[in-house]
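In: Quick one, fold the following:
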Amino acid sequence: MNLLHRARHLPIFAAEQEPTTAPDLDAVKPVFALIGDSITAGCTPTSSGDTNVGYWHWAQAISGFRAYCPVYAGIGGNVTSQVLGRLETDVIIPMAAYTDRDRYCIVMAGVNDSVNASDIITAATDNLTQIYNDLIAAGITPIAMTITPTIYANDATKLANWTGINDWLRVYCPANGITLVDNIDECLDGAYPPTAPPTWKTDYSHDGVHPTAQGALAIGAPLAATLAALLPAVDHFEAGTAAFTGSLLSNHAMLGTGGSLGTDGSGTVADSWQILYGVGSKAARSDGIAGEWQVLEIGASSVRFNPSAGIDVTSGFVPGDKVVAQAEVYCVDDWDTITQLVIYMEFRSGSSSLDVLSFLANNPNTGEIVNPAPDDTITLRTAPVIVPAGTTAIRTYLYFVGAGGTIRVGRYELNKVGA
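Out: The predicted structure follows:
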């Protein structure tokens, strides 16, 4: 059992006080910063949460949220000299608040350098070298990323720049003990090195430069493998089936068959849960984890799954508390043209919505969503946030939309968390 698992079962208040919250594991995880250009800027949380065109969010979902990332420093259009110029202000200074934890910085820069009309390989790689060295000097471990395809590397010099930077990364990083996340095979359409402008695989980019959800997943999947190799696993979910400190929902482990169906739902539903749309059934777990699987299959076009039947949670919290929604989702290998997989947490005052937070929400460039972990489990998790003033109810629900497909939900929690 790793330390981050045990943390769920340690007291979080003085011995004479009764705990009222679950531990906030983000307070003990390794800390990450992201710096780069517009590809990394796509990972920056929006006012309504984390979208599915950010590679970091797919990496977190697949690897099980092993890291905490408070520093997002992607700026569209940046070249390596600009990234180097703001490294101190945008990464090193804010990361100084976390010197009691392991600290990492993902560096993804160079694609904008590559489309310069002159040979910039030496200048760009010198900048990257200095970025890595400055991070190491500050006690922050750099993680390098290869640069992604761009249709604007469209002449011999620009193509040589693009290939040259990637070639250098593949040699310099392992030779100098720097972890390199190499996503070229996942993203590039065709063999490497390309002999024509490097293009994304079909449907991986909406403009030849920036990723769709599929492109973001292609960047994020090898990063997830790197996170899994570097960092300890984190058990965000309660191990047993009984109610636990900080839980705001009943039956987080999907026991029973006494749930309810909405007008477009059918089948069997776990106690205290509702299928508003879609087809439900139950399955036993064989992975040694307590509880059952709630199987959710797209019916006409979608699944919506939420607490039953009045979906508002109206007790157990007050404005100012910190809460998080999270779901353990097994992705059955039968998806057909999926266009949405997202978890929501909504704060309400009476009939009015005050705020909605999501994880893996769509944006205008999402496109189709491919299965991120066929016949395997991912974690959907909103950022832990403070309940807004005036909130009288919290809602959480999961959407799965497309032509057809199945997911299983193992554990689904809405928790009040503390330090």
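
In: Going by C-alpha atoms from here, please, whenever you check contacts or count neighbours.
Out: OK.

In: Give me the buried positions along stretch 377-392.
Out: 377-385, 387-388, 391-392 (16 or more other C-alpha atoms under 10 Å).

In: quick one: the strands in the stretch 301-419 of the chain?
Out: 302-307, 322-331, 336-349, 352-361, 376-381, 385-386, 393-404, 406-418 (DSSP state E, counting those that start in this stretch).

In: Give me the contacts around stretch 304-317.
Out: For stretch 304-317, contacts defined as C-alpha atoms under 8 Å, 6 or more residues apart in numbering pick out 248-249, 259-260, 272-278, 392-400, 416.

In: sorry, back to before: ok, so of the buried residues of stretch 377-392, who is nearest residue 215?
Out: Nearest to residue 215, judged by C-alpha to C-alpha, of these is residue 378 at 17.9 Å.

In: what residues are up against that closest one?
Out: Counting by C-alpha under 8 Å, 6+ apart, residue 378 touches 61, 62, 63, 64, 328, 329, 330, 331.

In: please redo it, this time with the cut-off set to 6 Å
Out: Each residue near residue 378 by C-alpha atoms under 6 Å, 6 or more residues apart in numbering is listed here: 61, 62, 329.

In: From residue 331, how far off is it?
Out: To residue 331, residue 378 is 7 Å away according to C-alpha to C-alpha, to the nearest Å.

In: what does residue 54 give?
Out: Going from residue 54 to residue 331 by C-alpha to C-alpha gives 20 Å.

In: Kindly report the same for residue 197.
Out: Separation of residue 197 from residue 331 (C-alpha to C-alpha): 35 Å.

In: The two: which has the busier surroundings?
Out: Neighbours per residue (other C-alpha atoms under 10 Å) separate residue 197 from residue 331, with residue 331 holding more: 20 against 17.

In: for that one, what are its contacts?
Out: Contacts for residue 331 (C-alpha under 6 Å, 6+ apart) come out as 374, 375, 376, 407.

In: Ramachandran angles for the residue sitting nearest the centre point of the chain?
Out: Note on the chain: the residue nearest the mean C-alpha position is residue 57, at 2.1 Å, using C-alpha atoms, centre = their mean. Note on residue 57: backbone dihedrals following degrees, to the nearest 10 are phi -70, psi -40.

In: one step back: any chance of the strands of the stretch 301-419 of the chain in JSON lines, plus mean pLDDT and distance to residue 254?
Out: Formatted as JSON lines, those follow (pLDDT from 0 to 100; distance: least, C-alpha to C-alpha, whole Å):
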{"stretch": "strand 302-307", "mean pLDDT": "96", "distance to residue 254": "11"}
{"stretch": "strand 322-331", "mean pLDDT": "98", "distance to residue 254": "11"}
{"stretch": "strand 336-349", "mean pLDDT": "97", "distance to residue 254": "17"}
{"stretch": "strand 352-361", "mean pLDDT": "96", "distance to residue 254": "21"}
{"stretch": "strand 376-381", "mean pLDDT": "98", "distance to residue 254": "16"}
{"stretch": "strand 385-386", "mean pLDDT": "96", "distance to residue 254": "25"}
{"stretch": "strand 393-404", "mean pLDDT": "97", "distance to residue 254": "14"}
{"stretch": "strand 406-418", "mean pLDDT": "96", "distance to residue 254": "6"}
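
In: any idea how far residue 237 is from residue 214?
Out: With C-alpha to C-alpha as the criterion, residue 237 and residue 214 are 28 Å apart.

In: Looking at those two, which has the bigger crowd around it?
Out: residue 214 (26 against 19).

In: There's contact between the more buried one and residue 204 in this structure, I believe.
Out: Yes. The pair residue 214 / residue 204 is scored as a contact, 5.1 Å apart, by C-alpha atoms under 6 Å.

In: Tell me which helix or strand in the chain has the weakest average pLDDT.
Out: Counting by mean pLDDT, DSSP states H and E, the chain has its least confident helix or strand at helix 3-6, which shows a mean of 38.

In: who does the following helix or strand past it pair up with?
Out: As assigned by DSSP states H and E, the chain's next helix or strand after helix 3-6 is strand 22-23. Neighbouring strands of strand 22-23 in its sheet, by DSSP bridges, are strand 406-418 (parallel).

In: between the strand it pairs with and strand 336-349, how big is the angle?
Out: 30 degrees (axes from the mean of the first three to the mean of the last three C-alpha atoms, to 10 degrees).

In: wait, what's in contact with residue 33?
Out: Counted by C-alpha under 6 Å, 6+ apart, residue 33 has contacts 69, 71, 72, 105.

In: does it have beta-bridge partners, and which?
Out: Here residue 33, judged by DSSP bridges, has bridge partners residue 71, residue 105.

In: same check, this time on residue 407
Out: Here residue 407 shows beta-bridge partners residue 296, residue 331, assigned using DSSP bridges.

In: Verify the contact between it and residue 296 for me.
Out: Yes. Using C-alpha under 6 Å, residue 407 is in contact with residue 296, at 5.4 Å.

In: Run a quick neighbour tally on the closest residue to residue 181 other than its chain neighbours.
Out: Closest residue to residue 181 apart from its sequence neighbours, by C-alpha to C-alpha, 6 or more residues apart in numbering: residue 145 at 4.8 Å. Counted by other C-alpha under 10 Å, the residues lying close to residue 145 total 25.

In: So residue 145 versus residue 36, what's the distance?
Out: Applying C-alpha to C-alpha, the value for residue 145 to residue 36 is 10 Å.

In: shared neighbours, these two?
Out: Joint contacts of residue 145 and residue 36 (C-alpha under 6 Å, 6+ apart) are residue 108.

In: Which stretches in the chain count as helices?
Out: 3-6, 38-41, 55-63, 80-85, 87, 93-95, 111-114, 121-137, 156-175, 184-187, 213-230 (DSSP state H).

In: May I see the buried residues of stretch 401-418?
Out: Within stretch 401-418, judged by 16+ other C-alpha under 10 Å, the buried ones are 401-402, 404-418.

In: Not counting that stretch itself, show me its contacts.
Out: With C-alpha under 6 Å, 6+ apart as the test, stretch 401-418 has contacts from 21-24, 246-249, 252-253, 293-298, 301-302, 322-332, 334-340.

In: Run through the bridge partners of the closest residue to residue 136 other than its chain neighbours.
Out: Distances taken as C-alpha to C-alpha, 6+ apart put residue 142 closest to residue 136, at 6.9 Å, once the chain neighbours are dropped. Beta bridges link residue 142 to residue 105, judged by DSSP bridges.

In: pretty sure residue 142 is touching residue 105, no?
Out: Yes. Judged on C-alpha under 6 Å, residue 142 makes contact with residue 105 at a distance of 4.9 Å.
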